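Engineer: give me the fold of what follows.
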Amino acid sequence: MERCRLVFSGSGGQGVITAAIILAEAAVLHENLIAVQSQSYGPEARGGATRSDVIIAESPIYFPKVIQPNVLVCLTQQAYANYFSILRPGGLFVTDSRYVKVGKKVDARQIELPMYETVMEKIGRPIVFNICMLGAVIGSGASVALGASIGAAASTALVFALGRIGGKLVPEAALLVGVVFNAFAAGVITVVKVMVPPEEAARLLYWLMGAVGYADPGTLVTGAIFVAVAVAVLVAASAQLNLLSLGDDEASSLGVDVGRSRGVVFLAASLATGAAVALAGLVGFVGLIVPHLLRRVFGPDHRILLPASVLFGAAFLVLADAAARLAFLPLGSEPPVGALTALLGGPLFLWLLRRTERSG
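Structural biologist: All right, here's what the predicted structure looks like:
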């Protein structure tokens, strides 16, 4: 997992230190991860801008201080004034709408929640305020991956339905519907970029180019669940994919329900794609380059090709992201990995396509 850095900040009576301790202990005891937690003592812990840091990772942690957190929680105006500038670009910024008035835009996904009012309304005493704050942080990212997967599945269902002629799916018609729907979706994205503030537009553009390492924990968990389920379905259907590659008539004669099998595969692939886009944005050409290269190495058997594509695709993305970060390190910038995969993937895919045509 990506190393996660969190900072909880507020007054001493809001339980930010307790919340950080609970989160760190849960990561160690229930997830078998490594976690460190630090906090401020003295006058700050008795009513000032208290701060508590948590780092969660799979590898050893040698420096327990958080410099740029992925997640920043500010529960008082003083905590916001002291710490809002340290948030990592593209991170998650959570504030309490009762006590914090945000005056400056930050390059992060910002969520204002009435946490204190909700606790007082439901419980009557702020004794469980820290637990509610943890729930808000953990659950805030789930809707992103869930919405992306549902949107991808709905888009696939639309293309699948409109691409039918005479009750049968026609590849040319489905391709045309997909192109038209893609143009429509691009228009919607353009309208959204025009309507949002400039800071949000810049963040949206960065996400559209594809970036790895800035997803919040909730999105990671939900996205991982969707991807795991989709991959399991695709691997289970790998034998049927081998038969479908022979053609619809041949597969049907061998006992395959072509329509049902194709629908299940399309749905599973769309769920995995939606979750992946929620985690990393639009990173292109990975799904084109890696399977084509592996097909030349392992052959066309989907029982081997599918799990190999999952593993090698993930490795390829990690290597591409590391290369993008290291190449531009002297310039002090981190280009989106999607830009690098597009620059390298486009010519490579065309080369593979031409080579396949010549060999055929």
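
Engineer: show me where pLDDT drops low in the stretch 51-200 of the chain?
Structural biologist: 104-107, 115-146, 197-200 (pLDDT under 70).

Engineer: and the strands in it?
Structural biologist: Assigned by DSSP state E, counting those that start in this stretch, the strands in the stretch 51-200 of the chain fall at 71-74, 91-96, 108-113, 164-165, 168-169.

Engineer: need the residues that contact the fourth one.
Structural biologist: With Cβ atoms under 8 Å, 6 or more residues apart in numbering as the test, strand 164-165 has contacts from 170, 173. From N, CA and C alone the C-beta is placed, and that goes for glycine too.

Engineer: show me how far it is from its chain's centre.
Structural biologist: Distance of strand 164-165 from the chain centroid (Cα atoms, centre = their mean, to the nearest Å) equals 34 Å.

Engineer: shift numbering so it begins at 262
Structural biologist: With 262 as the first residue, the last one maps to strand 425-426.

Engineer: direction included, what does it pair against?
Structural biologist: Using DSSP bridges, the strands paired with strand 425-426 are strand 429-430 (antiparallel).

Engineer: now the second one
Structural biologist: Applying DSSP bridges to the sheet, strand 352-357 is found paired with strand 332-335 (parallel), strand 369-374 (parallel).

Engineer: for the last one, which positions count as buried?
Structural biologist: Taking 16 or more other Cβ atoms under 10 Å as the neighbour-count basis, strand 369-374 is seen to contain the buried residues 369-372, 374.

Engineer: spatially nearest residue to Gln338 (excluding sequence neighbours)?
Structural biologist: Val361 (5.7 Å; Cβ to Cβ, 6 or more residues apart in numbering).

Engineer: quick one on the thing from earlier: can I get the buried residues of strand 369-374 in JSON lines with distance to Ser570?
Structural biologist: Shown next, in JSON lines, are the buried residues of strand 369-374 (distance: Cβ to Cβ, whole Å):
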{"residue": "Ala369", "distance to Ser570": "33"}
{"residue": "Arg370", "distance to Ser570": "30"}
{"residue": "Gln371", "distance to Ser570": "36"}
{"residue": "Ile372", "distance to Ser570": "35"}
{"residue": "Leu374", "distance to Ser570": "40"}
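
Engineer: rewinding a little: of the strands of the stretch 312-461 of the chain, give the one that comes closest to Tyr341.
Structural biologist: Proximity to Tyr341, assessed across the strands of the stretch 312-461 of the chain by Cβ to Cβ, is greatest for strand 332-335 (4.2 Å).

Engineer: which residues touch that closest one?
Structural biologist: Contact with strand 332-335 is made by 265-271, 277, 341, 344-345, 347-348, 352-357, 361, 369, 394, 398, 477-478, as judged by Cβ under 8 Å, 6+ apart.

Engineer: do I have it right that Gly606 meets Val544?
Structural biologist: No - at 9.5 Å, Gly606 does not count as touching Val544 under the criterion of Cβ atoms under 8 Å.
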